[in-house]
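Participant: I need the structure of the sequence given here:
(2 chains)
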Amino acid sequence: MPHYVSSTNINDAKTNLKAILATRVSYNDPNIVDALVKPDQVSDELVKTIKDHILAHQVTKDFLGAVSGQTVRLESEMYKPLVRRSGYPCSQYSRSE
Amino acid sequence: MNTITNFIEDDSKNDAKNDAKTDKTNKEEDLEKDTNDGHTPSKPVNDTNFAQRIDRMWLDVHTKIPHTDNGLFIPGMPTDYYNFEESVVVGTKRPYPGGDDGDSGPSKAPRVSKIQQSARDGNHKGTTDAFEKRRPDLVLVDHPAQDDRKDGCLWRQFAVLLEVKRDRSDGPNPSDGTTLTKLVAQLADMARLHLAARPFMRYSVHLTVCGAIFNLAIFDRAGGVVSKDYDISKDPDLDVFIRVIRRLGRDLDAYDLGLDRTVTPLHSLGSRKQFPEFRVTVGGSAYITQGLPLWQSASLVGRGTFVWVVALEGDPEQSGKDSARRFILKNAWRACGRLAESTVYKMIYSPPKEPTSHLTNLDGIARFVDGGDVFDPQAPNEVVKVSSHRKGFGGPINEKDDPVLHRLVLASRGRTLDKFTNFSRLMRAAKKMNSGTLSIFDQYSPLRLF
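Facilitator: Numbering: from 1, shown residues only, chains lettered A, B, ... in the order given. Predicted coordinates for the structure are as follows:
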């Protein structure tokens, strides 16, 4: 049982979200990725290694082609999910590769 | 590249074994290897600040309702997961907020659970259930290696949320540059839950992949910012995508991903079993949060209030005793044009200019200990505002509409109604509340209520 209750009204929250947010979002920002994530701090060598690894697999190349051509099927139409059945924490990438 | 794990797969036993092998020593070795592959992490590992420990993984959660901690109630999230999950068929995912009209969006298959359909048909007690069935497609979670992935994941473990759509036309940027798109409304809806479940966040980070277009977006107490479109089918933007995924998963710490830089988590942010405690400084004292927050706002735009029970760190009056004194901590974003709550308390407790007998009764008003606006550790002369983390991007924020982070500590701690054991005690509490209200109005309003 929750140890407290809330007076927040869900319908108010929905209204708040759709009405107030409409004027409070900046679109097509050209700088947020550079300012927030700083992608340039990843070395070119590492990017090349990862990209070579991705593009070395025909399945991945086909998938990128399908994405580009907007021919990716819905999950319900797929033979199997395009997600791997096992994984490792991000910290294990270097070792596993 | 970071790999993805699907919760519903059964072959995660081997993964769990791998997790068990991944102890702290291995993580440090990984970091050393990273430096050898030509890339240096942006920050060194800090053993005492869990916000700077980076141990994340991507999870596919689009068929699973993320949980909240037991006993934590956040409006918009289910509290009875077993009943909810029984009603959810695989793939059932509520695509957009407020979509009670049945519009599931252009690229999602029309996947509707029984309860959702019942709510739309008017045969259910309300639409709350439909509103509660929301979850991202993939998430980047803080994930200590010792936690078993089979336990599922919690909203507060999410570092980054990722939403996938099939068509690029479903992207977050509107064609006219101004109209709120359905995807942005959907992201904002999840962002408000994320900010409510993961304490002390300044903003929530989201990725979207729509066809070949990917975007980065953040949502904070003043609204949101969406990046320009990047096309991963084109070479320069694919590089950017790889770099972004790498940075989010391995390099950026919790502070970089939105955590308030003035607080220090004392436990792993990704721990499944331990709700993290936070060390929070107010004035010249440090306080440690105790357990779950007493209350948190579930709204996105606004004050984003959190209320905690906190213990004074190194309490001199309790030296040698078992427990420190407990206080109430209120953490909220105040509108910069309004009077700060700490200022109001100081006014109430300041001695009146013309002493009279009926102005001195402050019984029933919470006892103020300390508080004020929070100063930015990276710019000590500036208070923390929304504009503080939007430097270099986003549209200009109106000075009068730039929320300021505010904190106060109160010595008075109330109790919930269910803790009252008899009627007379409840009435005495009501009398105290009434006397406090009367005192405030006596002192600051020309109108006498009683």
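Participant: how far away is residue B:288 from residue B:424?
Facilitator: 35 Å (Cβ to Cβ, to the nearest Å). Backbone N, C-alpha and C define where each C-beta goes, glycine included.
Participant: wait, residue A:51
Facilitator: Counting by Cβ to Cβ - residue A:51 and residue B:424 are separated by 74 Å.
Participant: of those two, who's got more company?
Facilitator: Neighbour count, other Cβ atoms under 10 Å in any protein chain shown: between residue A:51 and residue B:424, residue A:51 has more, with 16 against 9.
Participant: how's chain B carved up into domains?
Facilitator: B:4-251, B:277-350+B:368-415 (automatic domain parsing).
Participant: compare those and say which comes out lowest on pLDDT.
Facilitator: When these are compared on mean pLDDT, domain B:4-251 scores lowest, with a mean of 69.
Participant: in chain A, which spans are helices?
Facilitator: Ranges of helices in chain A, per DSSP state H, are A:10-15, A:21, A:32, A:44-55, A:58-68, A:93-96.
Participant: now the fourth one - C-alpha only, CSV.
Facilitator: Written as CSV, here are the backbone C-alpha positions of helix A:44-55 (Å, rounded to 0.1, in the frame of the first residue of the first chain):
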residue,chain,number,x,y,z
ASP,A,44,37.7,9.0,-35.5
GLU,A,45,39.5,5.7,-35.2
LEU,A,46,36.9,4.2,-33.0
VAL,A,47,34.1,5.4,-35.2
LYS,A,48,35.7,3.9,-38.2
THR,A,49,36.2,0.6,-36.4
ILE,A,50,32.6,0.5,-35.4
LYS,A,51,31.3,1.5,-38.8
ASP,A,52,33.4,-1.1,-40.5
HIS,A,53,32.1,-3.7,-38.2
ILE,A,54,28.5,-2.7,-38.8
LEU,A,55,28.8,-2.5,-42.6
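Participant: what's the separation between the nearest residue to residue B:178 once chain neighbours are set aside and residue B:273?
Facilitator: Distance criterion Cβ to Cβ, 6 or more residues apart in numbering or on different chains; nearest residue to residue B:178, sequence neighbours excluded, is residue A:27 at 7.4 Å. Residue A:27 is 41 Å from residue B:273, where distance means Cβ to Cβ.
Participant: neighbour count: the two, which is higher?
Facilitator: Between residue A:27 and residue B:273, counting by other Cβ under 10 Å, residue A:27 is the more crowded of the two (23 against 11).
Participant: straight-line length of stretch B:217-235, end to end?
Facilitator: End-to-end distance for stretch B:217-235: 22 Å, by Cα to Cα, to the nearest Å.
Participant: typo on my end, stretch B:207-226
Facilitator: Using Cα to Cα, the two ends of stretch B:207-226 sit 10 Å apart.
Participant: anything in that stretch near chain A?
Facilitator: Yes - interface with chain A: stretch B:207-226 contributes B:211, B:212, B:216, B:217, B:218, B:222, B:223, B:224, B:225, B:226 (Cβ under 8 Å from any Cβ of the partner chain).
Participant: cool, and stretch B:240-249?
Facilitator: Yes - with Cβ under 8 Å from any Cβ as the criterion, chain A is reached by stretch B:240-249 at B:240, B:242, B:243, B:244, B:246, B:247, B:248, B:249.
Participant: show me the residues you listed that map onto helices.
Facilitator: Going by DSSP H, the helices hold B:240, B:242, B:243, B:244, B:246 from the residues of stretch B:240-249 next to chain A.
Participant: so the third one touches residue A:43, yeah?
Facilitator: No - between residue B:243 and residue A:43 no contact is recorded; they are 9.5 Å apart, counting by Cβ atoms under 8 Å.
Participant: these two: who's more crowded?
Facilitator: Ranked by neighbour count (other Cβ under 10 Å), residue B:243 and residue A:43 place residue B:243 first, with 23 against 16.
Participant: by proximity to chain B, which residue of chain A wins?
Facilitator: residue A:24 (2.7 Å; Cβ to the nearest Cβ).
Participant: poorly predicted segments of chain A, please.
Facilitator: A:1-16, A:74-97 (pLDDT under 70).
Participant: rerun that using 50 as the cut-off
Facilitator: Along chain A, segments meeting pLDDT under 50 span A:1-6, A:83-87, A:93-97.
Participant: and residue B:58, how far is that from residue B:302?
Facilitator: From residue B:58 to residue B:302 the distance is 31 Å (Cβ to Cβ).
Participant: which one of the two is surrounded by more residues?
Facilitator: residue B:58 (25 against 18).
Participant: OK, contacts around residue B:280?
Facilitator: Residue B:280 is in contact with B:200, B:262, B:263, B:286, B:287, B:288, B:289, B:310, B:329, B:331, B:407, counting by Cβ atoms under 8 Å, 6 or more residues apart in numbering or on different chains.
Participant: and those residues, which of them are buried?
Facilitator: B:200, B:262, B:263, B:287, B:288, B:289, B:310, B:329, B:331, B:407 (16 or more other Cβ atoms under 10 Å in any protein chain shown).
Participant: okay if I get those residues as CSV plus distance to residue B:176?
Facilitator: Below are these laid out as CSV (distance: Cβ to Cβ, whole Å):
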residue, distance to residue B:176
B:200, 36
B:262, 39
B:263, 40
B:287, 48
B:288, 49
B:289, 44
B:310, 47
B:329, 44
B:331, 38
B:407, 40
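Participant: among the residues you listed, which are in strands?
Facilitator: Judged by DSSP state E, strands contain the following of the buried ones among the contacts of residue B:280: B:263, B:287, B:288, B:289, B:310, B:329, B:331, B:407.
Participant: surely the fourth one and residue B:278 touch.
Facilitator: Read it as residue B:289. Yes - the criterion here is Cβ under 8 Å, and residue B:289 meets it with residue B:278 at 4.7 Å.
Participant: now for these two: what residues contact both?
Facilitator: residue B:199.
Participant: how about the secondary structure of residue B:303?
Facilitator: Following DSSP: H, G, I helix; E, B strand; the rest coil, we place residue B:303 in the coil state.
Participant: same check, this time on residue B:339
Facilitator: With three-state DSSP as the criterion, residue B:339 reads coil.
Participant: residue contacts, residue B:137?
Facilitator: For residue B:137, the contacting residues are B:60, B:61, B:62, B:93, B:162, B:163, B:164, by Cβ under 8 Å, 6+ apart.
Participant: show me those that map onto strands.
Facilitator: Those of the contacts of residue B:137 lying in strands (DSSP E): B:60, B:162, B:163, B:164.
Participant: surely residue B:172 touches residue B:185?
Facilitator: No - taking Cβ under 8 Å as the definition, residue B:172 is not a contact partner of residue B:185, at 9.6 Å.
Participant: for chain A, what are the nearby residues on the stretch 251-400 of chain B?
Facilitator: For the stretch 251-400 of chain B, the contact set with chain A under Cβ under 8 Å from any Cβ comprises B:251-252, B:256, B:292, B:294-295, B:297-302, B:391-395.
Participant: cutoff 7 Å now
Facilitator: Counting by Cβ under 7 Å from any Cβ of the partner chain, the stretch 251-400 of chain B comes close to chain A at B:251-252, B:294-295, B:297-301, B:392-395.
Participant: filter these to the buried ones?
Facilitator: Buried residues within those, counting neighbours by 16+ other Cβ under 10 Å: B:251, B:252, B:294, B:295, B:297, B:298, B:299, B:300, B:301, B:393, B:394.
Participant: how about these in CSV, adding secondary structure?
Facilitator: Listed next are those as CSV, based on three-state DSSP:
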residue, secondary structure
B:251, helix
B:252, coil
B:294, coil
B:295, strand
B:297, coil
B:298, coil
B:299, coil
B:300, coil
B:301, coil
B:393, coil
B:394, coil
